[in-house]
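A.B. asks: here is my input; please provide its structure:
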Amino acid sequence: MKKAFVFDFDDTLATTNARVIVIVKSSRWGKGYIKRELTPAEFNIYQLENDEKFDFSQFRCSRLVEKGKPTALVQLAEDVYNEDHDVYILTARSSDVADAIEKFLRLNNIKAKQIICVGDNDDSSLIAENKRQELIKIMKSYDKTYFYDDNEKNIELAKEVGVKSYLV
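C.D. replies: Numbers count the residues shown, from 1 in each chain. All right, here's what the predicted structure looks like:
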């Protein structure tokens, strides 16, 4: 039986110090300013106000990826890789850090069949739908596809298309 195991990166396979910055677009003092910094978990539930926007620049920093700390799920990824199943990374990060994710995986004895980055356009509203579309493409080539993510919306959309999904 041909199986694919698809993992999100942030707060699923690794924790990093990267933060999503919330910027107030403009203020009475002129240029925008930083309102707060969000962890990936906080970002998953944060609702922008009308005068705010997200800055994902820290998620384009390869150094922060390479210094990431593996989560317990890395062991599962290594195990299924060693069993000759295909491992995919499906992340909201931009493709700027794909090489750094590959290096992180290599340091943890994992080689991904593909690292799919859906965050190149900085439109966070499209991430879940883009992940769903990528999962549909992947599942067409496998008898079973498993998906692990820390975002509830991503998990819900994956389940809708028939992917066995786990919220971590």
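A.B. asks: only C-alpha atoms for contact and neighbour calcs from this point on.
C.D. replies: Will do.
A.B. asks: just the mean pLDDT for stretch 128-148, thanks.
C.D. replies: Stretch 128-148 carries an average pLDDT of 96.
A.B. asks: what's in contact with it?
C.D. replies: Stretch 128-148 has contacts (C-alpha atoms under 8 Å, 6 or more residues apart in numbering) with 1-8, 12, 90-91, 118, 153-155, 157-158, 161, 163-168.
A.B. asks: export that stretch as PDB, just CAs?
C.D. replies: This file holds the C-alpha atoms of stretch 128-148, laid out as PDB (Å, rounded to 0.1, in the frame of the first residue of the first chain):
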ATOM      1  CA  ALA A 128      -5.900  26.900   4.300                       C
ATOM      2  CA  GLU A 129      -7.400  26.700   0.800                       C
ATOM      3  CA  ASN A 130      -3.900  26.400  -0.800                       C
ATOM      4  CA  LYS A 131      -3.000  23.600   1.600                       C
ATOM      5  CA  ARG A 132      -6.300  21.800   0.700                       C
ATOM      6  CA  GLN A 133      -5.500  22.100  -3.000                       C
ATOM      7  CA  GLU A 134      -2.000  20.700  -2.500                       C
ATOM      8  CA  LEU A 135      -3.400  17.800  -0.400                       C
ATOM      9  CA  ILE A 136      -5.800  16.900  -3.300                       C
ATOM     10  CA  LYS A 137      -2.800  16.800  -5.700                       C
ATOM     11  CA  ILE A 138      -0.800  14.500  -3.300                       C
ATOM     12  CA  MET A 139      -3.700  12.100  -2.500                       C
ATOM     13  CA  LYS A 140      -4.200  11.300  -6.100                       C
ATOM     14  CA  SER A 141      -0.900   9.400  -6.200                       C
ATOM     15  CA  TYR A 142      -1.400   7.400  -3.000                       C
ATOM     16  CA  ASP A 143      -3.700   4.700  -1.500                       C
ATOM     17  CA  LYS A 144      -3.600   6.500   1.900                       C
ATOM     18  CA  THR A 145      -2.600  10.100   2.800                       C
ATOM     19  CA  TYR A 146      -2.100  11.300   6.400                       C
ATOM     20  CA  PHE A 147      -1.900  15.000   7.300                       C
ATOM     21  CA  TYR A 148      -0.600  16.500  10.500                       C
END
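A.B. asks: that older thread, strands - which of the contacts of stretch 128-148 land there?
C.D. replies: By the criterion of DSSP state E, membership of the contacts of stretch 128-148 in strands covers Lys3, Ala4, Phe5, Val6, Phe7, Leu90, Thr91, Lys164, Ser165, Tyr166, Leu167.
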